[in-house]
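# 3D, please:
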Amino acid sequence: MASGRERFSLLVAALLCLLAMPGARAEDLALHLGYSDKESAIFLVGDGAAIPEKPGIAVEMVEAAAKACGVEVSFARYPGGRLLALAGENTIDGVVMLSFNRERLSLAAYPMTGDAADPDFQIASLSYAFYVRSDSPIAWNGMEITGLSKPIGANLGWSIVDDLRKEGLAVEPAKDTANNFNKLLGGRVDAVAMHTTIGDTYLTHHGIGAKVKRLDPPISTKPYYLALGRAWHDKHPGVAQCLWQSIAEQRRQDMPALLERYRDAIN
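You can find the predicted model right below:
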């Protein structure tokens, strides 16, 4: 029986043969992707529109997948709240590092199993946690948060906003991480729900670790995917599958080397 890597090699070979057939045009395989302009430590590196030389593990995985599948890929960074809108307008062809929820299926295609995204094809899993002021009496036991008198802050466009609202909690989205933590320290919100990779890094970089504490356990841990725009996916379903399969193979085979490459950014 063929191994996973052998099956993937056969898939790529078959795909490249199809791409070489008359009618397959190189420009049809251009893929313009967006990702967040906020750092998610080691997976998306740096803040702002600039793409650094070492852009992060997630971007490198997608670049390698595109090369393996014969796709010319380019990237641009946008605020989180705009990414889905741009994908829905076909301004971009997909989003790097997007979690799954069913409401997004009208705008983006995921590697599916049944009626949900298949975690075998994820880029990585990241956790959300609550952050509160260090002197706050707010408590979280993994099931219920108590002591709130004001809303919870979260970044606009993040899936945690809807998740918390479905639990009956008041959420006040803000445009970015800095705005949320400023509101927390200013007493305008009682807690912030944030990716731990982003929240922990922000506290360290801005020297406010003594003023803010993270509540454990995590609110949730979610897999994140390369989500492709519906128009691009429907035009190239075989190529999409090749990209997702390559990402899965890299996560299984190459993650130790990628982590070592970004070792200096982990701490």
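
# got the contact list for Gln46?
Check again: residue 46 is Gly, not Gln. Glu39, Pro52, Pro55, Gly56 (Cβ atoms under 8 Å, 6 or more residues apart in numbering). Glycine gets a C-beta too; all of them are placed from N, C-alpha and C.

# Please apply the same query to Lys175.
Contacts of Lys175 (Cβ under 8 Å, 6+ apart): Pro79, Gly81, Asn155, Leu156.

# Just give the nearest non-adjacent residue to the second one, would you?
In space, not counting the residues next to it along the chain, Gly81 is nearest to Gly157; the distance is 3.4 Å by Cβ to Cβ, 6 or more residues apart in numbering.

# wait, is that neighbour part of a helix?
No - counting by DSSP: H, G, I helix; E, B strand; the rest coil, Gly157 falls outside a helix, being coil.

# Please verify my assumption that it contacts Tyr78.
No - if you go by Cβ atoms under 8 Å, Gly157 and Tyr78 don't touch, sitting 9.8 Å apart.

# Same list (the contacts of Lys175) but as a markdown table, adding distance to Arg102 and neighbour count.
Conversion of the contacts of Lys175 to a markdown table gives the following (distance: Cβ to Cβ, whole Å; neighbours: other Cβ atoms under 10 Å):
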| residue | distance to Arg102 | neighbour count |
| --- | --- | --- |
| Pro79 | 23 | 15 |
| Gly81 | 19 | 17 |
| Asn155 | 21 | 24 |
| Leu156 | 20 | 16 |
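
# Looking at the residues you listed, which one is closest to Ala178?
Asn155 (10.2 Å; Cβ to Cβ).

# all strands in the stretch 1-150 of the chain, in order from the N-terminus.
30-36, 72-78, 94-99, 108-109, 112-113, 116-117, 124-133, 139-140, 145-146 (DSSP state E, counting those that start in this stretch).

# and this structure, what are its domains?
The chain breaks down into these domains under automatic domain parsing: 4-124+223-266, 127-221.

# residues in contact with Arg230?
Ser106, Leu107, Ala108, Ala109.

# For it, give its distance to Leu86.
Distance, Arg230 to Leu86, by Cβ to Cβ, to the nearest Å: 13 Å.
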